[in-house]
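Visitor: let's see this in three dimensions:
(chains A, B, C, D, E and F)
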Protein chains: 4
Amino acid sequence: MSTAPDPTRRNDAVRRAILTAAIDQVGEVGYAKLTIERIAKSAGVGKQTIYRWWPSKGALFFDAFLDLAGDGEAAALPDTGDLAADLKLVLGATVDELNDDRLDQAMRALNTEIVLDPALAADYATRLDNPMRELKKARLRSAQQAGQIGEDVDLEVAIDLIWGPILNRWLQRTAPLTREYAEQVVETALRGLLPRER
Amino acid sequence: MSTAPDPTRRNDAVRRAILTAAIDQVGEVGYAKLTIERIAKSAGVGKQTIYRWWPSKGALFFDAFLDLAGDGEAAALPDTGDLAADLKLVLGATVDELNDDRLDQAMRALNTEIVLDPALAADYATRLDNPMRELKKARLRSAQQAGQIGEDVDLEVAIDLIWGPILNRWLQRTAPLTREYAEQVVETALRGLLPRER
Amino acid sequence: MSTAPDPTRRNDAVRRAILTAAIDQVGEVGYAKLTIERIAKSAGVGKQTIYRWWPSKGALFFDAFLDLAGDGEAAALPDTGDLAADLKLVLGATVDELNDDRLDQAMRALNTEIVLDPALAADYATRLDNPMRELKKARLRSAQQAGQIGEDVDLEVAIDLIWGPILNRWLQRTAPLTREYAEQVVETALRGLLPRER
Amino acid sequence: MSTAPDPTRRNDAVRRAILTAAIDQVGEVGYAKLTIERIAKSAGVGKQTIYRWWPSKGALFFDAFLDLAGDGEAAALPDTGDLAADLKLVLGATVDELNDDRLDQAMRALNTEIVLDPALAADYATRLDNPMRELKKARLRSAQQAGQIGEDVDLEVAIDLIWGPILNRWLQRTAPLTREYAEQVVETALRGLLPRER
DNA sequence: ACTTAAGCGAGACGGTACGTCTCGTCTTGTT
DNA sequence: AACAAGACGAGACGTACCGTCTCGCTTAAGT
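Guide: Sure thing, here's the model as predicted:
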């Protein structure tokens, strides 16, 4: 019978050293060449200590990512009443994050795991994506109530329409990801592609 | 100097066997567990034969994917004059493809490599994405000339607005990818999020 | 720097399994076809465990040979006072050993490595040949003191004269190696080739 | 049915280039690292050309060795009437050959093959060793008839007694192989180890 | 002189083993 | 009991050669 480790005895300094080492090493060698052994060495930790607490490189990295990104996460999207301005602000910040090398590396790594591993994808959805989606939806619902978004618009679709293009351009490197592009996306999404009726 | 192999001496039957084996085995064990050795065994081929012609698993898989997907690639997007209907048709087909298990597996694998390897991403852009983008842009330009898309709309942004949400939902498995969703995206993208003026 | 493994952590059961497997497999397929992989498989051991402790097949085999031969090694040559009889006894035993298939295979293999690799030859000299030579020299010196060997005879040459022919016939398979031949060698070496003075 | 190659069509320049390359490369990298591919490259020859005419590296090398050594081979051993002097002359020359780096390398390589491969050993016996043995025996027989060797001495044993020690010391590198040593061996073998009767 | 059937250089091919790397498990002290 | 250290069985990595197999090209007979 496998005796599960007792979390109360866990040494938190060790845990943090491992998470930090994971992020550090991803920056140095990239996710593909990141090995458990390398993380252990860099953290000054035995391999077993890693295997005791995480089932896989992906799971470890996911925690490391949360540790990195989750801290500064805003509790809510700004709501000044000007939807377009608020979205441009938020997406501009997102663009900046994605252009930051450390975060770019880490998020690409995370994405790799999520794309191939449905279990991690579910975990990701629960712990990161859904909460974020709720914040986004809250802001859009507020706009909808203020009459700035059509009543018949599905907010899920609205979110995808605004954030999807940015994430896509980032992932596929179709073209450089700039704040200008983000603003164009916001404007076009809000207004639609059709010619303006007069 | 490393003498590159002479392509004229290449045995094409062997090449096709390798590409086929690569796709087969990705379906059986997934991309993460796909090894060159396994592909070689499955193709009845020596490992060196693979290493002679491809520099990495990613590069091999990219060729295999092109072999799989590229053949049936349409030469142009339909243009019946009804932009919404045409887009729904095309995106519906895309949705079906992404729900086909073999293609889903292969495209996810490809995506993994592209996300982490800028060189492959560039290759992907040149050989697959850009040509497809041109076809899409051509259809949208035709619509623009017909007055169905605003003259001030940037067609690059338009493409991202239509295709981005679908690809994103597929990659991140936010929710099941259905034809209905695709239709909603088309309609919302065309019409915009703003309430209709009256 | 390459950190040498810590010998105190070594698992001795594993070490013995490897040495045994090496001897076994040499008997089955011969030294030329003996591979590290085969030894590992036969010993139920990972390849790395072999490479961790031995730098080459030759070095491993050398240890395996010592393990095989060294155990029964006599501490001293018999000294009954009758030099010829003692030598015939010892050489007869040597002949039997060389005609034993397992030892024959192993010693030929060892010889192969020694002939081509001076480093191993030096190791062989230190750990096997020199100790044996000392025993031989001790016996001959005793005979010399007893007046059974000329005082001006160089004992190194004497050893070569007695053992050289036997080893040579064995190595080169000039003719079958028999006890009779060994006895003839002893007698002729002692008496010399010249006709007897009267 | 495998059509054996027609020796009359053989290109002798190619044959010689291969043999030369074999000797050259053994000198450069040693026999263990000598590969057919390397010989082929060095000789400017296709691999198939080698495989067409020789069944193995050993067989090829054997021919190469004959080509190298066989040419200058004396037809008979000197017979001045002074057996000791003649033997010292011959063995001195042998010692010099064994101390020549090129020949040393080549003969060690040959020896390696012979020790492990009985078929090659037989070939070696037929084509090199037996003829040489006959020459040696002829010289000793002549000495025996001249009363310089006891009538009851087995000449095969005599040959082993004289040449065995030298070959052994060379193969096992027990100690440096010098002309002085050869002379000592000759004298001791002729006179025997027993003290001189008076 | 003209076919034609080798020999030949070149090197792709299916394999096997190399020696290295990392995996995830297990064992041995240390704290 | 968690931990650092690291040996261990397992097996993939990418490389080097094996011996076989075309592929064109010379190059000598034999008609």
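
Visitor: and the residue in chain A positioned nearest to chain D, how many neighbours?
Guide: Taking C-beta to the nearest C-beta, chain D has its nearest neighbour within chain A at residue A:33, 31.8 Å off. Backbone N, C-alpha and C define where each C-beta goes, glycine included. Using other C-beta atoms under 10 Å in any protein chain shown, the number of residues around residue A:33 comes to 10.

Visitor: distance of it relative to residue B:62?
Guide: 20 Å (C-beta to C-beta, to the nearest Å).

Visitor: returning to what we had before: quick one: classify the residue of chain A closest to chain D as helix, strand or coil.
Guide: Following DSSP: H, G, I helix; E, B strand; the rest coil, residue A:33 is assigned to coil.

Visitor: the helix or strand hosting residue A:123 near DNA strand E anywhere?
Guide: According to DSSP states H and E, residue A:123 maps onto helix A:118-124. No: judged by C-beta under 7 Å from any atom of the strand, helix A:118-124 stays clear of DNA strand E, getting no closer than 13.7 Å.

Visitor: quick one: that helix near chain B?
Guide: Yes: Helix A:118-124 is in contact with chain B by C-beta under 8 Å from any C-beta of the partner chain, via A:118, A:121, A:122, A:124.

Visitor: which residues are contacting that helix?
Guide: A:58, A:59, A:62, A:110, A:113, A:114, A:115, B:172, B:173 (C-beta atoms under 8 Å, 6 or more residues apart in numbering or on different chains).

Visitor: those residues in helices, which ones?
Guide: Those of the contacts of helix A:118-124 mapping onto helices are A:58, A:59, A:62, A:110, A:113, A:114, A:115, B:172, per DSSP state H.

Visitor: so the fifth one sits against residue A:64, correct?
Guide: No: here residue A:113 lies out of contact with residue A:64, judged by C-beta atoms under 8 Å, at a distance of 11.6 Å.

Visitor: how far away is residue A:83 from residue A:77?
Guide: For residue A:83, the distance to residue A:77 equals 10 Å [C-beta to C-beta].

Visitor: the residue lying closest to residue A:192 once chain neighbours are set aside and residue B:150: what is the separation?
Guide: Distances taken as C-beta to C-beta, 6 or more residues apart in numbering or on different chains place residue B:192 nearest to residue A:192, at 2.1 Å, with adjacent residues excluded. Per C-beta to C-beta, residue B:192 is found 10 Å from residue B:150.

Visitor: which one of these two is surrounded by more residues?
Guide: residue B:192 (23 against 16).

Visitor: for the more buried one, give its distance to DNA strand F.
Guide: 48 Å (C-beta to the nearest atom of the strand, to the nearest Å).

Visitor: can you check residue A:33 too?
Guide: Distance, residue A:33 to DNA strand F, using C-beta to the nearest atom of the strand: 11 Å.

Visitor: cool, and residue A:142?
Guide: 45 Å.

Visitor: that residue: how many residues sit nearby?
Guide: By other C-beta under 10 Å, neighbour count at residue A:142 equals 16.

Visitor: I'd say it and residue A:78 touch.
Guide: No: Residue A:142 lies out of contact with residue A:78 (C-beta under 8 Å); the separation is 10.8 Å.

Visitor: tell me the pLDDT of residue A:116.
Guide: On pLDDT, residue A:116 comes in at 85.

Visitor: contacts only, for it.
Guide: Each residue near residue A:116 by C-beta under 8 Å, 6+ apart is listed here: B:30, B:31, B:32, B:108, B:109, B:112.

Visitor: ok, for the fifth one, nearest residue in space, not its chain neighbours?
Guide: With C-beta to C-beta, 6+ apart as the measure, residue B:31 is the residue that lies nearest to residue B:109, at 3.5 Å, once sequence neighbours are left out.

Visitor: from chain A, which residue is nearest to chain C?
Guide: When scored by C-beta to the nearest C-beta, chain A has residue A:41 as its residue closest to chain C, at 11.7 Å.

Visitor: can you pull the contacts of that residue?
Guide: By C-beta under 8 Å, 6+ apart, the contact list for residue A:41 is empty.

Visitor: ok, now how distant is it from residue A:22?
Guide: Distance, residue A:41 to residue A:22, using C-beta to C-beta: 12 Å.

Visitor: ok, back up a step: isn't the residue nearest to residue B:109 up against residue B:62?
Guide: No: contact criterion C-beta under 8 Å: residue B:31 and residue B:62 do not qualify, at 12.0 Å.

Visitor: anything in contact with each of these two?
Guide: With C-beta under 8 Å, 6+ apart, residue B:31 and residue B:62 have no common neighbours.

Visitor: on that earlier part again, now do the same for the residue nearest to residue B:109: its pLDDT.
Guide: 92.

Visitor: that one: what's it in contact with?
Guide: Neighbouring residues of residue B:31 by C-beta under 8 Å, 6+ apart: A:116, B:61, B:105, B:108, B:109, B:112.

Visitor: please indicate which of the residues you listed are buried?
Guide: Among the contacts of residue B:31, the ones that count as buried by 16 or more other C-beta atoms under 10 Å in any protein chain shown are A:116, B:61, B:105, B:108, B:109, B:112.

Visitor: on that earlier part again, got the phi and psi for the residue of chain A closest to chain C?
Guide: Main-chain torsions, residue A:41, degrees, to the nearest 10: phi -60, psi -50.

Visitor: show me the shaky parts of chain A.
Guide: Applying pLDDT under 70 to chain A flags the ranges A:1-3, A:70-74, A:193-198.

Visitor: can you pull out the helices in it?
Guide: Here chain A has its helices, by DSSP H, at A:12-29, A:36-43, A:47-53, A:57-69, A:83-99, A:101-116, A:118-124, A:130-145, A:155-172, A:179-191.

Visitor: and among the ones you listed, the most buried is which?
Guide: The highest mean neighbour count among those, using mean count of other C-beta atoms under 10 Å in any protein chain shown, belongs to helix A:155-172: a mean of 23.

Visitor: re the thing from before, and the residue of chain A closest to chain C, how far from chain B?
Guide: Taking C-beta to the nearest C-beta, to the nearest Å as the measure, residue A:41 falls 22 Å from chain B.

Visitor: correct me if wrong: residue A:99 contacts residue A:173.
Guide: No: using C-beta under 8 Å, residue A:99 is not in contact with residue A:173; the gap is 11.9 Å.

Visitor: what about the residue nearest to residue A:137 when sequence neighbours are not counted, distance to DNA strand E?
Guide: Using C-beta to C-beta, 6+ apart and skipping the chain neighbours, the partner closest in space to residue A:137 is residue A:155 (5.2 Å). Distance, residue A:155 to DNA strand E, using C-beta to the nearest atom of the strand: 40 Å.

Visitor: what do you get for residue A:148?
Guide: 49 Å.

Visitor: would you mind measuring from that residue to residue C:62?
Guide: 84 Å.

Visitor: likewise for residue A:67?
Guide: 53 Å.

Visitor: domains in chain A, by residue range?
Guide: Domain assignment for chain A, taken from automatic domain parsing, gives A:7-56, A:73-191.

Visitor: and the first one, how far from the chain's centre?
Guide: A distance of 21 Å separates the centroid of the chain from that of domain A:7-56, by C-alpha atoms, centre = their mean, to the nearest Å.

Visitor: quick one: end-to-end length of that domain, please.
Guide: 18 Å (C-alpha to C-alpha, to the nearest Å).

Visitor: picking up where we left off before, can you list residues touching both of residue A:83 and residue A:77?
Guide: Here residue A:83 and residue A:77 have residue A:139 as joint contacts, going by C-beta under 8 Å, 6+ apart.

Visitor: how about the residues of chain A near chain C?
Guide: Of all the residues in chain A, none lies near chain C, going by C-beta under 8 Å from any C-beta.

Visitor: how about the residues of chain A near DNA strand F?
Guide: So chain A meets DNA strand F at A:5-6, A:9-11, A:14-15, A:44-49, A:52-53 (C-beta under 7 Å from any atom of the strand).
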